[in-house]
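>>> From the sequence below, what's the structure:
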Amino acid sequence: MRNWRSLVILTLALTLGLSLALAGCGQSPTAPAAPNTPATTSQPAPSPAPADPVLKSIKETGVFKVGTDATFAPFEYMENGQRTGFDIELVTEIAKLLGAKQVEWVDLDFKGLIPGLLAKRFDMAASAIYITDDRKKVVDFSDSYYPGGLVIMVRKDNTAIKGPEDLAGKKVGVQTGTKSVKFLQDNYPTVKLVEVEKNADMFMSVETGRADAVVTGKPAAKLYAQTHPDVKVLDKQLTVEEYGFAIRKENAALTKAVNQALKTVKDNGTYKKLEQKWFEGKK
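Residues are numbered from 1 along each chain as shown. This next block holds a predicted model:
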């Protein structure tokens, strides 16, 4: 009996030892799962900036809307019922480069051009507009497309006005809403302004004697004097300034596109041909 019990005890001991041995040489316990970590996700690509609504409209309709006061030769004026002039032809070339098939002109008095632009009646104003700090507060401008400045025009037989210093106390014709008005008010306060709505009426004012002189942009004055031998433009200018196309501030992409188109027409010789046509190569 003792031997049988010893055999049972020995068998149990061997079984227990084998189990422990097997446990010791088995696979390691599974390591605890690593704490959850957020999956790496790439940031979404920024959405492309919305296309400029004007450029988008040009692409969809083929039309570029431009405001002008077609009374200021040689930049823009009417001839045989059609708009013509340096600005008209230059804008037409720029419009083609923007992808437009036609320019839809909107006619307004000069003083209404910037308000009309801001009211979205058209997309750009092209009317021999001087680039000024005051105007730049409310609209953006293209790069300068022509150098200008204010000059004095008088009757050819006028010997009393030989330069800017002789304007004091004189009657001077100006177009309402133009830079000439504020310039004379600020710099020649004793001048008696003769304000008219249309450029043609302004020039006529000096020919008829209603005004002693006219203060206006150099290109227009030079052109008028070429065909009206009874008037002359004085050599000494009042200012030297630049013309630009006015564009709403919200349409920065349009401004950039217009500047690129302007550069292209200058690089390819188109601008030079227009300059020679309308200003006879003179500046």
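
>>> Quickly list what Glu104 is bridged to.
Lys65 (DSSP bridges).

>>> Against Ala95, how distant is it?
Remark: distance between Glu104 and Ala95 (Cβ to Cβ, to the nearest Å) = 10 Å. All C-beta atoms are positioned from the backbone trio N, CA, C, and that covers glycine.

>>> Identify the contacts common to the two.
Common contacts of Glu104 and Ala95 (Cβ atoms under 8 Å, 6 or more residues apart in numbering): 64, 66.

>>> Neighbour count: those two, which is higher?
Set side by side, Glu104 and Ala95 show more neighbours around Ala95, with 23 against 14, by other Cβ atoms under 10 Å.

>>> residues in contact with that one?
Ala95 makes contact with 58, 64, 66, 102-103, according to Cβ under 8 Å, 6+ apart.

>>> same thing with Lys198?
Each residue near Lys198 by Cβ under 8 Å, 6+ apart is listed here: 71, 175.

>>> for Val196, same thing?
Applying Cβ under 8 Å, 6+ apart to Val196 gives the contacts 173-176, 202, 205.

>>> can you rerun that using 6 Å?
The contact partners of Val196, by Cβ atoms under 6 Å, 6 or more residues apart in numbering, come to Met202.

>>> If it is in a bridge, with which residues?
When bridges are called by DSSP bridges, Val196 pairs up with Gln175.

>>> Please report how far it lies from Thr208.
12 Å.

>>> Spit out the residues that contact those two alike.
Residues touching both Val196 and Thr208 do not exist when contact is defined as Cβ under 6 Å, 6+ apart.

>>> buried set for stretch 80-89?
Neighbour counts using 16 or more other Cβ atoms under 10 Å place 83-89 of stretch 80-89 among the buried residues.

>>> What residues does Glu76 make contact with?
68, 70, 85, 87-88, 127.

>>> same thing but 8 Å
By Cβ under 8 Å, 6+ apart, the neighbours of Glu76 are 68-70, 83-88, 126-128.

>>> Tell me the one among the buried residues of stretch 80-89 nearest to Leu118.
Distance to Leu118 across these (Cβ to Cβ) is lowest for Asp87, with 20.0 Å.

>>> The closest one in helix, strand or coil?
Under the three-state scheme (DSSP: H, G, I helix; E, B strand; the rest coil), Asp87 adopts helix.

>>> Assess the claim that it and Thr68 are in contact.
Yes. Between Asp87 and Thr68 there is a contact under Cβ atoms under 8 Å: 6.9 Å.

>>> For Gln43, give me the pLDDT.
Gln43 is assigned a pLDDT of 51 by the prediction.

>>> Got a quick PyMOL command for the buried subset of the contacts of Ala95?
Here is the PyMOL command that selects the buried residues among the contacts of Ala95 (16+ other Cβ under 10 Å):
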select buried, resi 58+64+66+103
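
>>> Format the contacts of Ala95 as TSV; extra columns: distance to Tyr146 and pLDDT.
Output for those, formatted as TSV (distance: Cβ to Cβ, whole Å; pLDDT from 0 to 100):
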residue	distance to Tyr146	pLDDT
Ile58	24	96
Phe64	20	98
Val66	16	98
Gln102	24	97
Val103	18	98
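
>>> okay, the contacts of Ala95 in JSON lines with distance to Leu262 next?
JSON lines is the format used below for the contacts of Ala95 (distance: Cβ to Cβ, whole Å):
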{"residue": "Ile58", "distance to Leu262": "16"}
{"residue": "Phe64", "distance to Leu262": "14"}
{"residue": "Val66", "distance to Leu262": "14"}
{"residue": "Gln102", "distance to Leu262": "19"}
{"residue": "Val103", "distance to Leu262": "15"}
